[in-house]
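Enquirer: would you be able to build a 3D model of this:
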Amino acid sequence: MLTDTAEALWIAARDRAPIRPPTECAPGLNLADAYAIQQLNLRRRIGAGALLVGRKIGLTSKPMQALLGVSEPDFGFILDDMVIAGESVDISRFCSPRVEPEIAFLLGDSLRGPGVTAADVYAATQSVAVALEIVDSRIADWRLTLVDTVADNASSGAVAIGEWVPFTGDVRLPQLAASLVLNGTEIDRGTGDAVMGDPAAAVAWLANTLAEYGTELVAGQFVMSGSFTTAAFVTRGDVAAATIDTLGTVSLAFE
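Expert: Coordinates of the predicted model:
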């Protein structure tokens, strides 16, 4: 069951052809199964030559958790070919993309749970950056549950990252404001405290959760900590931008 579901998601991503929710095709799937499926496809991607460069955290806001009926975030992986270099991307590489503004943490030291705190994350962080995450679903019409999105790598698509800013203790991440702009119009605005009260708390949650799977957040990798705002759908010809106070702006054209 797990191998078949992983294969179906792999093919859906390869062919840009969304599939039915895995929980409909295999009603017995649970969250542990979903993370196992995610790991099967991670190993397959790495086996094909990709490099693990980061992690992403999803479902960090209360409204998104309420939407799926869950009380905690989820996580996925980011590979080197998911990091967009340049100011544009071919939209045909995605199935049904949305964009979100986030803070990315570049780790100078590894973090391994249990017991990691937000203070530990601050101490381990080398730099932070504004980021525009492209979330995408290989599940048709975004009709999914928590188990479905986890199996589908937490609906990861790609990420565009702005300039890395050396992190200092005087940066108050929960108070920073983010703006999501699409084609020159602000879609939404939010502050860092929408991300579990503090984006660093989300990173701490991930470090502690990964420990349950026998792994850690590795120095030199980065973590996408979760969206400050709602997510906006994008189509060919759109230009999306994320701006975060003191961190700058990153924009991306979808061609």
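
Enquirer: check which helix or strand the residue nearest the centre of the chain maps to.
Expert: Nearest residue to the geometric centre of the chain (CA atoms, centre = their mean): residue 56, 3.4 Å. Using DSSP states H and E, residue 56 falls within strand 52-58.

Enquirer: kindly report the same for residue 131.
Expert: strand 125-135.

Enquirer: give the buried residues for that strand.
Expert: For strand 125-135, a neighbour-count test (16 or more other CB atoms under 10 Å) marks 125, 128-135 as buried. All C-beta atoms are positioned from the backbone trio N, CA, C, and that covers glycine.

Enquirer: which elements pack onto that strand?
Expert: For strand 125-135, the packing partners by 3 or more CB pairs under 8 Å, 6 or more residues apart in numbering; DSSP states H and E come out as strand 98-107, strand 156-161, strand 165-166, strand 222-227, strand 239-244, strand 248-254.

Enquirer: tell me the secondary structure for residue 71?
Expert: coil (DSSP: H, G, I helix; E, B strand; the rest coil).

Enquirer: which residue, other than its chain neighbours, is closest to it?
Expert: The spatial neighbour of residue 71 that comes closest, neighbours along the chain excluded (CB to CB, 6 or more residues apart in numbering), is residue 65 at 6.2 Å.

Enquirer: next secondary structure after the strand or helix carrying that neighbour?
Expert: Assigned by DSSP H and E, residue 65 falls within helix 62-68. The helix or strand immediately downstream of helix 62-68 is strand 74-79, counting by DSSP H and E.

Enquirer: now that following strand against strand 222-227, angle please.
Expert: 140 degrees (axes from the mean of the first three to the mean of the last three CA atoms, to 10 degrees).

Enquirer: how far does strand 74-79 sit from its chain's centre?
Expert: Centroid separation for strand 74-79 versus its chain: 6 Å, with CA atoms, centre = their mean, to the nearest Å.

Enquirer: also stretch 40-59?
Expert: 12 Å.

Enquirer: could you list the low-confidence segments of the protein?
Expert: 63, 67-68 (pLDDT under 70).

Enquirer: change it to 90
Expert: For the chain, residues meeting the criterion pLDDT under 90 lie at 1, 25-27, 61-72, 144, 168-171.

Enquirer: sorry, back to before: wait, the residue nearest to residue 71 touches residue 72, no?
Expert: Yes. Counting by CB atoms under 8 Å, residue 65 does reach residue 72; the two are 7.4 Å apart.
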